[in-house]
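S.K.: Below are the sequence and a predicted model; questions follow.
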Amino acid sequence: MDYRGEAIECVKGNVLQMHKEIYAKYNGDFDRIYTEAYNNASYMGKVIEPGKEYELSYSECSCPKVKCGMRSCPEQCECSRQSILFILSQLEPESQFDVRIENTILRGSDCCTFRITRRKNTL
């Protein structure tokens, strides 16, 4: 399964644009984005280590293929991980990020949580 390609197709329009607007509004300050912008009805953000490590949680699965019943296997969560990686690569092409799946609804949790680590800035 090409989760990266599927993820890009899913988020390259409105979802990516929304994150670009948030990024611009907060001048690229991930600490503020994860404490202010990503704490709403859709997202729960948390700074683990300022400037380096973050956590992003969703209270419900946001995958359209899961929502409509097309997919139900936990491996589908790799698509969400790839979506986050793609969005981050578009926001900061000069940086490198790792995204780890902490837990997901398809794996039996009550929310989907991803750990995001900025590895390095390549400039």
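M.R.: Arrived safely.

S.K.: residues contacting the closest residue in space to E53 that isn't next to it in sequence?
M.R.: What sits nearest to E53 in space, not counting adjacent residues and going by CB to CB, 6 or more residues apart in numbering, is T117, at 4.9 Å. Quick note: C-beta positions are derived from backbone N, CA and C, even for glycine. T117 is in contact with K52, E53, Y54, F97, D98, V99, R100, counting by CB atoms under 8 Å, 6 or more residues apart in numbering.

S.K.: what residue is smack in the middle of the protein?
M.R.: I84 (3.3 Å; CA atoms, centre = their mean).

S.K.: On the three-state scheme, it is what?
M.R.: helix (DSSP: H, G, I helix; E, B strand; the rest coil).

S.K.: what sits against the closest residue to it other than its chain neighbours?
M.R.: Residue nearest to I84 in three dimensions, not counting chain neighbours: V99, with 4.8 Å by CB to CB, 6+ apart. Neighbouring residues of V99 by CB under 8 Å, 6+ apart: R81, I84, L85, L88, F114, R115, I116, T117.

S.K.: how near is R118 to E6?
M.R.: 25 Å (CB to CB, to the nearest Å).

S.K.: Number of residues surrounding H19?
M.R.: A count of nearby residues for H19, using other CB atoms under 10 Å, gives 20.
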